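**Student:** Below are the sequence and a predicted model for it; my questions follow.
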Amino acid sequence: MSTVSFATAARDQFLGGEFRRSYGWLTACVHRLVGSRYDAEDLAASAFTELAGMEDVSHVRQPRALLTTIARRLTYEFWRRRDLERAYLEQLALAPEFSDASPEDICEAIDELMRIDAALQGLSAKAREAFILSQFEELGYAEIAQRLGVSVSMVRKYLAQAFTACYALA
């Protein structure tokens, strides 16, 4: 047996054994966090998918600790997406001209909001707030500066940072 096939067999054995040992346990842990068995199963499966996607698992000494960390991050992302989705749908309900949006359009818009949210996560809180005030509340630079307690030139810098982050998505 070659070294490559031996390493692959050992990896497959590790992943299969860990899945059998820990999937039910991880699902139960995540279920306590999210309250839905179905969402917990999806998140646990995604955690194992990330583990399986790791190039080298030979260094993993505490797989349950790693799986817990991955699952918590995925749960956080799940909550953020759900919160963004809920906020978007609430705003959509308030705008009668958009009430006939298709489920595909809604899903696409939510995906785009998630991408923008992810891009803005690397910015300071004030830069994110400036972007939101500019784009969603349609405030001018002076109004944003007053709300944030900063200068107009600082608002320009914040918005430049935010737009740069968003343009990187394209």
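**Tutor:** Nice, thanks for sending it over.
**Student:** By mean pLDDT, point me to the weakest helix or strand of the chain.
**Tutor:** When each helix and strand of the chain is scored by mean pLDDT, DSSP states H and E, helix 103-120 comes last, with a mean of 82.
**Student:** Please compute how far the very next helix or strand once past that helix lies from its chain's middle.
**Tutor:** As assigned by DSSP states H and E, the chain's next helix or strand after helix 103-120 is helix 125-135. A distance of 19 Å separates the C-alpha centroid of helix 125-135 from that of its chain, computed with C-alpha atoms, centre = their mean, to the nearest Å.
**Student:** ok now the least confident helix or strand of the chain, how far from the chain's centre?
**Tutor:** Centre-to-centre, helix 103-120 and its host chain are 11 Å apart (C-alpha atoms, centre = their mean).
**Student:** Check stretch 42-62 too.
**Tutor:** 18 Å.
**Student:** And the contacts of that stretch?
**Tutor:** Applying C-beta atoms under 8 Å, 6 or more residues apart in numbering, the contact partners of stretch 42-62 are 7, 10-11, 14-15, 18-19, 23, 26-27, 30, 34, 63, 66-67, 70-71, 74-75, 78. Placement of C-beta: from N, CA and C, glycine included.
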